[in-house]
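# Here you go, sequence then predicted model.
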Amino acid sequence: MTPTLSVDPDNQLTGTVAEHFDELQQWMIDRAANVQSQVYAEYPDLNPTVGPPVVGDMNGDRVVDADDAAALMIALTQPLAYIAAYPGVDASTIGDVDGRCTFDLGDLSDFSSLLGPASAESVPEPASAVLLLIAAAMLCGRARRRV
C-alpha cells in the first residue's frame with residue numbers, strides 16, 4: 001500500500017488502513033455473491049451453470065448427442081412415455097429443431113444435422129484386410145525368391 005493510502009487523515013478507522021481495505025473488499029465480494037444469487041433465483045436462465053435449454057437436448061443432459069436420438073423418437077411416437085421418462089424436459093420447445101414452432105417429424109432431418117456428419121472412421125472393411133494380407137504374402141514371396 002502506498003504511503004498516501006496508508007494514512008487515515010480523519011483517524012476514524014479501527015485497525016490499519018490495509019485491514020479496512022481488506023474488510024471492504026470482503027464486503028464487496030459477499031455483496032456481489034448475494035446479489036448474484038438473488039438474480040439467479042429470479043431468472044434461472046441467466047445462470048451459466050443452468051442456462052437456457054439446449055435445442056435438440058431431448059434427454060436433458062445439456063449435450064446434444066446420440067443419446068438424444070432415442071429420446072427424440074420416444075417423444076415423437078410415445079409422448080406420454082417421454083414425459084414419464086424425462087420429466088421437466090419440454091419436448092415441444094427443445095425438439096423444435098427446425099424453428100417452425102411445432103415439434104413434428106419435420107424436425108428429424110434438422111436434428112440429425114445437430115449431430116454432425118455421419119462419422120466414417122477409418123475402419124477397414126474385411127475385404128480390405130484380406131487384400132492387404134494377400135499383398136503382404138506376395139511381397140514376402142518375392143523377397144524370398146531374390147535371396
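Arrived safely, thanks for sending. Numbers count the residues shown, from 1 in each chain.

# and the chain, what are its domains?
1-51, 66-114 (automatic domain parsing).

# closest to Ala135 out of these?
domain 66-114 (36.0 Å; Cβ to Cβ). C-beta coordinates here come from the backbone N, C-alpha and C atoms, glycine included.

# after the longest helix seen in the chain, next one along is what?
In terms of residue count, the longest helix belonging to the chain (DSSP state H) is helix 17-42. Downstream of helix 17-42, the next assigned helix or strand under DSSP states H and E is helix 66-77.

# Not counting that following helix itself, show me its contacts.
Helix 66-77 has contacts (Cβ atoms under 8 Å, 6 or more residues apart in numbering) with 56-59, 61, 81-82, 85-86, 91, 95, 103-105, 107-108, 111, 115.

# try 7 Å
56-59, 81-82, 85-86, 91, 95, 105, 111, 115 (Cβ atoms under 7 Å, 6 or more residues apart in numbering).

# That one: which residues count as buried?
68-69, 71-72, 74-76 (16 or more other Cβ atoms under 10 Å).

# okay, which residue is most central for the protein?
By Cα atoms, centre = their mean, the chain has its centre lying nearest to Val63, at 4.7 Å.

# how about the nearest residue to that residue, chain neighbours excluded?
In this structure, Val63 finds its nearest non-sequential neighbour in Asp57, 6.5 Å apart by Cβ to Cβ, 6 or more residues apart in numbering.

# For the one you found, give me the pLDDT.
For Asp57, the pLDDT comes out at 91.
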